[in-house]
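[1] okay, sequence plus prediction incoming.
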Amino acid sequence: MASKYQAPRGTFDVLPGNAHARARVERAAAEIFSRAGYEPIATPVFEDTDLFERGVGRSTDIVRKEMFTFEDKGGRSITLRPEGTAPICRAYLEHGMHKLAQPVKLSYAGPFFRHERPQAGRYRQFHQIGAEAIGTDSPFADAEAIMLLADLLAELGVPGVELRLGSLGSPVARRAYLEELKAHLRANEGELSKDVRERIDLNPLRAFDSDDEGTQAVMAGAPTIVERLDGEDAEHFAEVRALLDTAGIAYEIDPTLVRGLDYYTRTIFSFVCEGLGAQSEVGGGGRYDGLIEQLGGPATPAVGWAAGIERILLALEEDEETAGRDAFLAVADEGQRRRALALASELRHAGLAVEVDLAGRSLKGQLKHADRVGARRVVILESEGGVQLRDMESGEQRPTDAAHLLEELGGAGR
Ligand code: HAM
């Protein structure tokens, strides 16, 4: 029964078969955030367009090409959020969170929207989990942020993860460096791709990210910001590295690391998983000391990251997962159907995951269905109060006492 309607391009339905693996990722993240004191925050899925233009940056691909922007009925320009950091900074300012003890540590999970060309690991509606620590410039906050994401990926068992680390320096140092870089690009203008050439002034750093061969050759000889870091920037970066070393977190310094958002200053990082192919980044982030000021607030340093839930699930290759059931209540005698439903409710109250037949199947049909839903045991209600307990793995079946059912089901195998 194919419908003439399909989910819009670049989107997907989360079906019950894949909802469990997804929930496991969100649960693991929530646990890690809560243990480290990152309180959950949720912001709307749409915001004023201006927030992202200012926050993410007009020269970025996200703002130039990828935003879902529309006019609402009041004539305002609205955008479906392409990322979570600018909205959280907006909320920080709007709710006067600078009056709270600093840093304010926040965590989030939810859908984000980018009009990108869909491919494996890249969607137009995707889901991120993320954390932000706002109100501190301490390298300890950078290291903690990185450690939280490293912990999450390790706890979930994401294979083949590598951490790439870089620093963009402070805005002043970066400006001087950018002039040097632009001069290098201009000197080699003829070999650059059109896209990079057009953006020499607007966003020269993106040249490091280009997949154009000519541009790559020019960039191999380009100066890097990491080589140019000095003073407090160099000290800050050295401390972040020392903290990661002490915590036993392996990383690789990537002097050409760039990220697709304009707000980063100093530390940037990226967790990649080679098995993922072209879209290999499972998560990343960095410090954004100028963003809150950019949005009209007081100078407020901050650091954070976001990870893509779909990328994590792809890396884990375990989208499909059944929840499993403690028991299925079957009836061998039609007269027992009502009792089965009441008993299922009773067992559920006691915390067991129990299903009951809702489709009037024969006993054979019920056993088959119990197997399909992943029930570990089947309780078979017979006429006159008789109860049989069947272990689905061994196939062993024996009579039991209704009074002891809860203990029997709650005991072994739980
Ligand atoms: P981002 O690198 O743009 O950073 O996105 C973070 C993660 O979201 C990526 O590493 C990737 O796993 C996932 N992601 C991005 N775009 C897509 C897509 N089209 N389809 C599937 N997954 C995607 C940010 O969004 C920053 N707000 C991170 C941050 C927080 N920096 C500081 N604080």
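    Thanks, I have the structure now. Note that the structure is a prediction, hence the values are computed from the model and not measured. Numbers count the residues shown, from 1 in each chain.
[2] where does this structure get nearest to the ligand, which residue?
    residue 308 (2.6 Å; Cβ to the nearest ligand atom). From N, CA and C alone the C-beta is placed, and that goes for glycine too.
[3] next one: phi and psi at that residue?
    phi -90, psi 120 (degrees, to the nearest 10).
[4] and for residue 111?
    Residue torsions, per degrees, to the nearest 10, at residue 111 are phi -80, psi 150.
[5] how close does it sit to residue 83?
    Using Cβ to Cβ, to the nearest Å, we find residue 111 at a distance of 12 Å from residue 83.
[6] those two: which is more packed in?
    Neighbours were counted for residue 111 and for residue 83 using other Cβ atoms under 10 Å; residue 83 has more, 21 against 14.
[7] would you mark the buried spots in the helix of greatest length in the chain?
    When the chain is parsed with DSSP state H, its longest helix is helix 16-35. Within helix 16-35, the residues that count as buried by 16 or more other Cβ atoms under 10 Å are 18, 21-22, 24-25, 28-29, 32-33.
[8] tabulate those residues (a markdown table), appending distance to residue 363.
    Below are those laid out as a markdown table (distance: Cβ to Cβ, whole Å):
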| residue | distance to residue 363 |
| --- | --- |
| 18 | 32 |
| 21 | 33 |
| 22 | 35 |
| 24 | 34 |
| 25 | 38 |
| 28 | 40 |
| 29 | 43 |
| 32 | 46 |
| 33 | 47 |
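[9] for the nearest residue to residue 221 once chain neighbours are set aside, helix, strand, or coil?
    Excluding its sequence neighbours, the residue lying closest to residue 221 (Cβ to Cβ, 6 or more residues apart in numbering) is residue 184, at 7.6 Å. Taking DSSP: H, G, I helix; E, B strand; the rest coil as the rule, one finds residue 184 in the helix state.
[10] so that it lines up with my notes, have the first residue be 50 from now on.
    Yes, from this point I'll number from 50; that puts the last item at residue 233.
[11] just the mean pLDDT for stretch 280-294, thanks.
    For stretch 280-294, mean pLDDT is 97.
[12] stretch 309-328 too?
    92.
[13] endpoints of it, how far apart?
    Chord length of stretch 309-328, first to last residue, is 13 Å (Cα to Cα, to the nearest Å).
[14] please identify the helix or strand for residue 119.
    Per DSSP states H and E: residue 119 is located in strand 118-120.
[15] off-centre distance for the lowest-mean-pLDDT helix or strand in the chain?
    One helix or strand of the chain scores below all others by mean pLDDT, DSSP states H and E: helix 454-459, with a mean of 88. In terms of Cα atoms, centre = their mean, to the nearest Å, the centre of helix 454-459 is found 38 Å from the chain centre.
[16] repeat for stretch 301-317
    On Cα atoms, centre = their mean, the centre of stretch 301-317 falls 19 Å from the chain's centre.
[17] in it, what's buried?
    By neighbour count on 16+ other Cβ under 10 Å, the buried set for stretch 301-317 is 303-317.
[18] try stretch 324-331
    In terms of neighbour count (16+ other Cβ under 10 Å), stretch 324-331 has its buried residues at 325, 328-331.
[19] nothing else from me, thank you.
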